[in-house]
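Trainee: here's a sequence, model it:
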Amino acid sequence: MNDRSRLASVLAGTTVLAGSLFITATASAQCTVNPNPNFTQNDGGCPVAGQSDSNGGCNQVPAAFQTTGTISSANTSFTIGGTCGASLASNNRDLDWYSFTVTEACFINLSLVMTNTNGTPAGDSQMFFGRVDDCDSFFGFQYGACPAAFEEQFVEPGTYGVVVTRAFATATTPDTCNSPYTITVSARFSQFPECGSPAAGNCGVATPGTGGCQDVSCCDFICAIDPLCCAIQWDATCATTAQLAPPNGCGIFVYECNPPANAPANDCATAAATVGFDTPTAFNNANASTDGPNNGQCATNTTKDVWFLVQAPSDGNMTIVADTPGQDIVVSVYANGDSSTVNGAQLANNYIGCVNAVGAGGEAVVLTGTVEGEWYLWRVGQVTGTGGAGTVEFSFERVVWDTGVHVAICDAAGGAVNLGLSSGAISATSTQRWLAVPFTVDDPDGAGPQTSWNLTLMQPEGFQPAGTVNERLNWIIWSRNGFVAPNYATDQVASGQVAYPAALGPNGEADIPMDLDLPAGDYYLTVFASAVGNPCRPSDGQPVLSNFAWFVGAPNGLVPNTGTGFFGLRSVTMPGSGPANEVVIAGTQNPCEGGTGGGFLVYGYGGAFTECAGQPAGQSLANAFRVFGTPIEAKGPACPTDIDGDGTTGASDLSTLLNGWGTASPDLDGDGTVGASDLSTLLNGWGACP
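Mentor: Below you'll find the predicted structure:
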């Protein structure tokens, strides 16, 4: 992959609204908790170890929302009371999750009064809102004043949730448990009956003689500014305002493309150029029009846009590198599903994201999580400068191994826990704890002889525990024979080190870029943090703690099981202080050298953690990670005897052939069975490949 792309901005192929987006919001008026709310919490306050939380919401399996009121035009508000907070001693906090029902489309308003136990206003209250049927939909804010008001939300009929808590405890606020609060849930109903009427039209299109439009939220906003848009008719002025980007309009998109003279062939989204990978494609947008949505994405408007359509060959990551010497550009991408036909009217609905990060000269963007066979529509448009000639080049990283995103597992009481297993120098004496996590690298083309991958990226999921110093992220790949624990001295295949990422991904992904050729086969992966440059010794002998807590709960992970139950492989002290020659130069893939290490031992939870209801057996021990790469072409027929792909026919190839005797692989003569003829072929090819 082009080096520039690894430093590129990253877009997620699947949008997930994280419930930890905090900003400071303002509030005013009196901060008094209501002593007689309509509904009162049904839990006991701050969590107790070993006990489930009756209103623990998405942190329980199954999710446990406390049911409260119903909002309708006849019942426009209600209140909820309870206590919440955090404890430094238990490194935990109480979140209270409430559900409520909405029977009619309306605008929901949430307000929160929260105080300390002494009655003074809490300066770190947090409130979230989302849909009960989608835990990833919750988003929220942290408030510095009391009472606090959540931004008004338009909702259709359904079941919604509100969550309250306080910030995690610190040394200056060690215990905020049992802080009292009152939540007020209220609704505003549009005063314009024309809004949402089936007789009304698209808000972005004028409908002479008919007032209002179908989008209730947009219609209410426009008619509050100009009531005649509802009372008389939705004319061109109303429609134009609806198309403006917020906060001046609704951002409603109406597709229209009118190419000027000498416009490029791919000027319109509906005529996007279909392109492949690893070959530059020239374009010129000097005479291009603008037909894509302009509702403020990337804090700017895009003009003179041209379009490219690319199909994902498999699950993986798609990269675009756009070179535009004379202009600053925005790169946007849209999901186009399994069809190569673009519906311009759906562009706003299919929008994934955009990047405008570099300035004049171009952009490099990685779209993660693409789906095999799906089409992706890319838009390259001007921000500033002079339109003209440029190039785009697409590349692709295939998924070599993917455990799926980790999910919470359960403790002994059934509480959901995002558990990370420590990996690094985690004790005062800086001894190491490592994991050996099994994975398999399949033959890229699915047919023998076995070929190889060029690995470009690994992404273990985890987090950095408080109080640790992570400056490097180190990795080792070990050869694997079934589920036999790897031998420190003999089973290392490759290792390396990168700077610890400045930021982890939304699921705790830690990017480890690499350039490693790896034959198809069975392997273990070890990943651990360190504070200095030597990954083979614990923190290079320095008295600091380093830890990458590697998440378990991977739904598709491979977990050792020798017939007596599932287990993990984890070191107790590995590899001790280590001899001085155990050095890996940053950025290389040289194995750690010397020493025998302490070995890997069978590991389990002893009943402290297990799978939650409905999770596959062993999932609680499955570490989450994925590996990306590009296939390396199989070696030609001149060297079919090089089974392991190392460039030489030798003892390793002979061992593989003998181990497959009587089976279908590695069948060198094509008769379907490994036998004497195959042995003769291999021996005749002994030595270096031509």
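
Trainee: so which residues of this structure form helices?
Mentor: Taking DSSP state H as the test, the helices found in the chain are 3-6, 216-225, 228-231, 236-243, 347-350, 651-659, 676-684.

Trainee: what stretches of this protein score poorly on pLDDT?
Mentor: 1-29, 47-52, 90-91, 171, 295-296, 427-432, 446-450, 532-544, 572-598, 633-638 (pLDDT under 70).

Trainee: could you measure the closest residue to Gly650 other than its chain neighbours against Val602, distance?
Mentor: Ranked by CB to CB, 6 or more residues apart in numbering and with sequence neighbours excluded, the top spatial neighbour of Gly650 is Trp686, at 7.2 Å. Any C-beta I mention is one placed from the backbone N, CA and C, and that applies to glycine too. Using CB to CB, to the nearest Å, Trp686 is found at 40 Å from Val602.

Trainee: and Gln142, by the same measure?
Mentor: Applying CB to CB to Gln142 and Val602 gives a distance of 43 Å.

Trainee: so for these two, which sits in the more crowded spot?
Mentor: Gln142 (19 against 14; other CB atoms under 10 Å).

Trainee: wait, isn't Gly660 in contact with Thr673?
Mentor: No - with contact defined as CB atoms under 8 Å, Gly660 does not count as touching Thr673 (9.6 Å).

Trainee: tell me what the closest residue to Gly201 other than its chain neighbours is bridged to.
Mentor: Nearest residue to Gly201 in three dimensions, chain neighbours excluded: Thr207, at 4.0 Å (CB to CB, 6+ apart). With DSSP bridges as the criterion, Thr207 is bridged to Trp234.

Trainee: tell me the domain ranges of this structure?
Mentor: 3-12+256-400, 31-188, 406-631, 648-688 (automatic domain parsing).

Trainee: how many other residues sit next to the nearest residue to Gly508 once chain neighbours are set aside?
Mentor: Once flanking residues are discounted, Gly508 sits nearest to Glu461: 4.2 Å by CB to CB, 6+ apart. Glu461: 28 surrounding residues under other CB under 10 Å.

Trainee: could you pick out the longest strand of this protein?
Mentor: strand 389-402 (DSSP state E).

Trainee: among the helices of the chain, which is the most enclosed?
Mentor: helix 216-225 (a mean of 21; mean count of other CB atoms under 10 Å).

Trainee: show me the contacts for the closest residue to Phe78 other than its chain neighbours.
Mentor: Leaving out its chain neighbours, the residue that sits closest to Phe78 by CB to CB, 6+ apart is Gly69, at 3.8 Å. If you count contacts by CB atoms under 8 Å, 6 or more residues apart in numbering, Gly69 has them with 38-39, 75, 78, 100-101, 185.

Trainee: repeat for Leu88
Mentor: Leu88 neighbours (CB under 8 Å, 6+ apart): 169-171, 173-175.

Trainee: distance of Asp511 from Gln459?
Mentor: 6 Å.

Trainee: which one of these two has more residues nearby?
Mentor: Gln459 (21 against 17).

Trainee: what about the closest residue to the more buried one other than its chain neighbours, neighbour count?
Mentor: Among residues not flanking Gln459 along the chain, Glu509 sits closest, at 4.4 Å (CB to CB, 6+ apart). Glu509 has 23 neighbours, counted by other CB under 10 Å.

Trainee: same question for Pro157.
Mentor: Using other CB under 10 Å: Pro157 sits among 12 other residues.

Trainee: hang on, the earlier thing: buried subset of the contacts of Leu88, written for PyMOL?
Mentor: Burial among the contacts of Leu88 is assessed by 16 or more other CB atoms under 10 Å; the matching PyMOL selection reads:
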select buried, resi 169+173
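
Trainee: what do Gly660 and Thr673 both touch?
Mentor: Between them, Gly660 and Thr673 share no contacting residue, judged by CB under 8 Å, 6+ apart.

Trainee: show residues contacting stretch 600-620.
Mentor: Residues contacting stretch 600-620 (CB under 8 Å, 6+ apart): 61-62, 407-412, 414, 416-417, 419, 434, 436, 485-486, 552-555, 557, 559, 561, 565-572, 574, 621.

Trainee: end-to-end on it?
Mentor: Taking CA to CA, to the nearest Å, the first and last residues of stretch 600-620 lie 19 Å apart.

Trainee: what is in contact with Asp511 and Gln459 at once?
Mentor: Between them, Asp511 and Gln459 share the contacting residues Gly505, judged by CB under 8 Å, 6+ apart.

Trainee: ok, Gly209 touching Trp234?
Mentor: No - between Gly209 and Trp234 there is no contact under CB under 8 Å: 9.2 Å.

Trainee: give me the buried subset of the contacts of stretch 600-620.
Mentor: By 16+ other CB under 10 Å, the contacts of stretch 600-620 give 61, 407-411, 414, 416-417, 419, 434, 436, 485-486, 552-554, 557, 559, 566-571, 574, 621 as buried.

Trainee: the helices of the chain into CSV, with extra columns for distance to Leu110?
Mentor: Converted to CSV, the helices of the chain look like this (distance: least, CB to CB, whole Å):
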stretch, distance to Leu110
helix 3-6, 42
helix 216-225, 17
helix 228-231, 27
helix 236-243, 27
helix 347-350, 27
helix 651-659, 64
helix 676-684, 71
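
Trainee: show me what contacts the residue nearest to Asp442 when sequence neighbours are not counted?
Mentor: In space, and not counting its chain neighbours, Asp442 is closest to Ala520: 5.9 Å by CB to CB, 6+ apart. By CB under 8 Å, 6+ apart, Ala520 lies in contact with 441-444, 450-453.

Trainee: now that we have these, which of them are buried?
Mentor: Members of those classed as buried by 16+ other CB under 10 Å are 441, 443-444, 450-453.

Trainee: now these in a markdown table, with distance to Glu256?
Mentor: Listed next are these as a markdown table, based on distance: CB to CB, whole Å:
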| residue | distance to Glu256 |
| --- | --- |
| Val441 | 49 |
| Asp443 | 49 |
| Pro444 | 44 |
| Gln450 | 53 |
| Thr451 | 49 |
| Ser452 | 50 |
| Trp453 | 45 |
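
Trainee: take the contacts of stretch 600-620 and keep only those in strands.
Mentor: Per DSSP E, those map to strands at 409-411, 416-417, 568-571.

Trainee: and those residues, which two are the farthest apart?
Mentor: Ala416 and Ser571 (27.8 Å; CB to CB).
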